[in-house]
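> give me the fold of what follows.
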Amino acid sequence: MKIMITGSKGQVSQELQLALAGQGEIFAFGSHELNLAIPEDISRKVRELRPDLILNPAAYTAVDKAETDRQQAFAVNAIAPGRLAEEAAQLGIPLIHYSTDYVFNGRKSSPYNEDDQPDPLNAYGESKLAGEQAIQAVGGEGLILRTSWVYSLHGKNFLLTMQRLLQEREQLSIVDDEIGAPTWAGTIASITAQLIRRWQDEKQALKGLYHLTSTGETSWNGFATSIGERLKELNKPCARIERISSKDYPSAARRPLNSRLDCSRLQREWNVHLPHWESALSRCLEQSVHPNIPLTA
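Reported below is the predicted structural model:
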């Protein structure tokens, strides 16, 4: 089986390449090999490769920059997924696409489920929602997985930033009124691998919209505190962490206060186990010390 993966250097893409290594021949393309902002480039690459499955974890993720760079954000996050879905449908193959909690406005008092009405607060969320809609409009075999607060040991993310800043500074002020579930990219990849095996072995269609995050919830402050506790266990320096409101941390793009996603549909219909965010964080950090530990959810 030929598996095409976009964004070869991205957090989720790198974990997918590891998790799927035994399930097929992996073809991972970075921006230099596949420019998602150019639809013709997408069509050419897919038609040359003729894969059996396409995974699209690549995205324009600069949330604040997207406010003034809407054209590029929509090219990568909205138009590209639609073109990938069209090419997949032409080949009669599935597309797995990854979306975000930022399609919601965060005003709901409980976790969002897949039937809740999207209402993004920022350009990034708008572009990701448009990508979902473009895939759904094609009507092929498209599986959309919404996730949240993704981190890993690769690239730029909250975990790596906090590990650095907590050791460099004496005090950090971290937002405490935005709530969500930090989700390790390794968890996303492991669950994706399970879904693909179910598709292969049991012919369960890779189609529909599902939420995929770790279980449990915390704030950015709570996430940072947990990272700090692990630094202390290693006898490394750790800054004091103070609680602040998102109103005290202005940014170009508005963020949802509630990023919690209800993942019960995925658990029920695909019979998968989602780890608690703290156990997944521990598993991720174990890999930084013992890189040969098998990847698990």
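
> how about residue 282, secondary structure?
Counting by DSSP: H, G, I helix; E, B strand; the rest coil, the backbone at residue 282 sits in helix.

> list the contacts for the residue nearest to it when sequence neighbours are not counted?
The shortest distance from residue 282 to any non-neighbouring residue, by CB to CB, 6 or more residues apart in numbering, is to residue 230 (7.6 Å). For the C-beta atoms, the positions are set from N, CA and C on the backbone; glycine is no exception. By CB atoms under 8 Å, 6 or more residues apart in numbering, residue 230 lies in contact with 281, 282, 285.

> which of those residues has the largest number of neighbours?
In terms of neighbours by other CB atoms under 10 Å, the contacts of residue 230 top out with residue 281 at 21 neighbours.

> buried sites along the stretch of helix or strand the residue nearest to residue 282 belongs to?
Residue 230 is part of helix 220-233, with elements assigned from DSSP states H and E. Neighbour counts over helix 220-233 (16 or more other CB atoms under 10 Å) mark 220, 221, 222, 223, 224, 225, 226, 227, 228, 230, 231 as buried.

> with stretch 278-288 instead?
278, 280, 281, 283, 284, 285, 287.

> leaving out the residues flanking it, which one is nearest to the first one?
Put plainly, it is residue 278. residue 226 (6.2 Å).

> and of the buried residues of stretch 278-288, the nearest to residue 2?
residue 287 (27.4 Å; CB to CB).

> and the closest one, which of the three is it?
Assignment for residue 287 (three-state DSSP): helix.

> isn't it right up against residue 153?
Yes. Counting by CB atoms under 8 Å, residue 287 does reach residue 153; the two are 6.6 Å apart.

> is residue 83 in contact with residue 43, as I believe?
Yes. Using CB under 8 Å, residue 83 makes contact with residue 43 at a distance of 6.5 Å.

> out of the two, which sits in the busier spot?
residue 83 (19 against 15).

> residue ranges of the helices in this structure, please?
Secondary structure of the chain (DSSP state H): helices at 11-19, 39-49, 70-74, 80-91, 123-138, 158-168, 185-202, 220-233, 264-270, 277-289.

> to residue 211, which of the ones you listed lies closest?
Set against residue 211 and scored by CB to CB, the helices of the chain come closest in helix 264-270, at 6.3 Å.

> now that closest one: how far from the chain's centre is it?
18 Å (CA atoms, centre = their mean, to the nearest Å).

> list the buried residues of that helix.
For helix 264-270, by 16+ other CB under 10 Å, it's 266, 267, 270.

> same question for stretch 43-58.
For stretch 43-58, by 16+ other CB under 10 Å, it's 45, 46, 49, 51, 52, 53, 54, 55, 56, 57, 58.

> which of those fall in strands?
Judged by DSSP state E, the buried residues of stretch 43-58 include 53, 54, 55, 56 as members of strands.

> show the low-confidence segments of the protein, by residue range.
Low-confidence segments of the chain (pLDDT under 70): 289-297.

> ok, 90 please
22, 140, 155-156, 203, 234-235, 237, 249-250, 286-297 (pLDDT under 90).

> count the residues that sit near residue 164.
Quick note: residue 164 (other CB under 10 Å) scores 10 neighbours.

> gap between it and residue 62?
Using CB to CB, to the nearest Å, residue 164 is found at 19 Å from residue 62.

> over to residue 232?
Plainly put, residue 232 is 32 Å away from residue 62 if you go by CB to CB.

> so what's residue 99 up against?
Residue 99 touches 128, 129, 131, 132, 144, 145, 146, 147, counting by CB under 8 Å, 6+ apart.

> of these - the most surrounded one?
Highest neighbour count within the contacts of residue 99, by other CB under 10 Å: residue 128, with 31 neighbours.

> how close does that one get to residue 8?
Residue 128 is 20 Å from residue 8, by CB to CB.

> what's the answer for residue 156, then?
Distance, residue 156 to residue 8, by CB to CB: 16 Å.

> okay, these two: which has more neighbours?
More crowded of residue 156 and residue 8, by other CB under 10 Å: residue 8, with 20 against 10.

> isn't the more buried one right next to residue 28, touching?
Yes. Applying CB under 8 Å, one finds residue 8 in contact with residue 28, separated by 3.8 Å.

> between the two, which contacts overlap?
Taking CB under 8 Å, 6+ apart as the contact rule, residue 8 and residue 28 both touch residue 17.
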